[in-house]
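Participant: sequence-free structure coming up:
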């Protein structure tokens, strides 16, 4: 949680966090400011002190809404700095950052950089800043174990409520998608529209985006609605021109967030329209049984690595190859069991095992993670994944934040 930041910064010997970029679709900045219409800002969080938000004068009212200590960038007189820098904008920007840091008493120590911005000019500015402040060490941290991601890993009750609400929106949209598919007739093995043309993946995706927008949600990273061979490649988003064919597996993985880049939800179901062939039912049963076993065994305060290993063990016992046997496998079980979820669609803790496992990856109370076992056989034109998002509770249980049926077949009528 945010209240853990000072402890984590002390443990990792970090003097300050420096976050740059917009307040929306920028997880670190959103986490500290709560979002808002800040097109570009800087935030400095010194160790043991409150964060300060540095804003453009045009966005002073938006900055004020954050409730943070604020500082107007006009106070640093960029025009004079530019003159002093001989017209060199990179140098002038670095000089401005130096003034900001010095004003907050940060003249030495490690400063960890975060945010989303144009890397070309930002790299040049921070390189110049490092040169001008040799006692300050500008650093990046390992992605999965950065101070910010460690703090973000456990959610407070307000964050859990917001993610639960996104779960309700997500499952509403998934229900509408199922109804939309079943409202179409089947002809010659395909779903058809009223004009007789085949219903396509692109038709379905456009509806999904509309339903999300109507609920003040968005899918900035897209989503997966993949049929047939595409369903056998875990992150294939699906081919818009593909018709919705009966009996083909559809992997529907939807991970929307609050409008403006807030909290995400992540959810997957696998469907067959009309009927499921025997080979699909068999594959589906293997995934569902593994999903149900993991959900019955998983507990709070346990390491995630053991559940990744357990998933591999279950699939291997059913005759499927896994990445535990060979990390290069592209058929069978080819990814991890899940991941943390919050302002990133993928964040700590991670379900990594073997050499990649970390002692930080623990299902501590307040952690929200996905559980998503899957099996993939692209050359057999099928794939199956089942995914729910769960919160680890103090009583040792994990609670699904938005229930939805695990049915495989979407019924339709013959046209």
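Facilitator: Arrived safely, thanks for sending. The model shown is predicted, which means the values in this text are computed figures rather than measured ones.
Participant: which residues sit in contact with the residue nearest to residue 56 when sequence neighbours are not counted?
Facilitator: Excluding its sequence neighbours, the residue lying closest to residue 56 (Cβ to Cβ, 6 or more residues apart in numbering) is residue 73, at 5.9 Å. Quick note: C-beta positions are derived from backbone N, CA and C, even for glycine. Residues near residue 73 by Cβ atoms under 8 Å, 6 or more residues apart in numbering: 42, 54, 55, 56, 57, 96.
Participant: beta partners for the third one?
Facilitator: So that's residue 55. Here residue 55 sits in beta bridges with residue 72, as judged by DSSP bridges.
Participant: you'd agree it is up against residue 41?
Facilitator: Yes - at 5.1 Å, residue 55 and residue 41 qualify as touching, with contact defined as Cβ atoms under 8 Å.
Participant: Find the residues that touch each one of those two.
Facilitator: The contact lists of residue 55 and residue 41 share residue 63, where a contact means Cβ under 8 Å, 6+ apart.
Participant: hey, where'd the strands end up in the stretch 51-200 of the chain?
Facilitator: For the stretch 51-200 of the chain, strands defined by DSSP state E, counting those that start in this stretch occupy the ranges 52-55, 69-72, 109-115, 136-139, 185-187, 190-192.
Participant: possible to save the contacts of residue 73 as CSV with pLDDT, distance to residue 13 and neighbour count?
Facilitator: Below are the contacts of residue 73 laid out as CSV (pLDDT from 0 to 100; distance: Cβ to Cβ, whole Å; neighbours: other Cβ atoms under 10 Å):
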residue, pLDDT, distance to residue 13, neighbour count
42, 97, 22, 21
54, 97, 24, 21
55, 96, 29, 25
56, 94, 32, 16
57, 93, 35, 10
96, 97, 26, 21
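Participant: Next, format the residues you listed as JSON lines and append distance to residue 219.
Facilitator: Listed next are those as JSON lines, based on distance: Cβ to Cβ, whole Å:
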{"residue": "42", "distance to residue 219": "29"}
{"residue": "54", "distance to residue 219": "31"}
{"residue": "55", "distance to residue 219": "29"}
{"residue": "56", "distance to residue 219": "29"}
{"residue": "57", "distance to residue 219": "34"}
{"residue": "96", "distance to residue 219": "36"}
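Participant: Which of those residues sits closest to residue 345?
Facilitator: If you rank the contacts of residue 73 by distance to residue 345 using Cβ to Cβ, residue 42 comes first, at 25.0 Å.
Participant: The helix or strand where the closest one lies to strand 109-115, inter-axis angle?
Facilitator: Assessed by DSSP states H and E, residue 42 sits inside strand 41-46. Using axes from the mean of the first three to the mean of the last three Cα atoms, to 10 degrees, one finds that strand 41-46 and strand 109-115 are set 150 degrees apart in direction.
Participant: just for the protein, where's the confidence low?
Facilitator: Within the chain, the stretches with pLDDT under 70 are 143-144, 355, 415.
Participant: Now with 80, please.
Facilitator: The chain contains residues with pLDDT under 80 at 142-145, 354-357, 359, 414-415.
Participant: Tell me how far residue 380 lies from residue 121.
Facilitator: According to Cβ to Cβ, to the nearest Å, residue 380 and residue 121 sit 48 Å apart.
Participant: out of the two, which sits in the more crowded spot?
Facilitator: Counted by other Cβ atoms under 10 Å, residue 380 and residue 121 do not tie: residue 380 has more neighbours, with 15 against 12.
Participant: pretty sure the more buried one is touching residue 279, no?
Facilitator: Yes - checked against Cβ under 8 Å, the pair residue 380 and residue 279 is within contact range at 7.2 Å.
Participant: Run through who's touching stretch 77-93.
Facilitator: Contact with stretch 77-93 is made by 95, 96, 121, 124, 125, 128, as judged by Cβ under 8 Å, 6+ apart.
Participant: same thing but at 7 Å, please
Facilitator: 95, 96, 124, 125, 128 (Cβ atoms under 7 Å, 6 or more residues apart in numbering).
Participant: what's the spacing between that stretch and its chain's center?
Facilitator: Distance of stretch 77-93 from its chain centroid, counting by Cα atoms, centre = their mean, to the nearest Å, is 38 Å.
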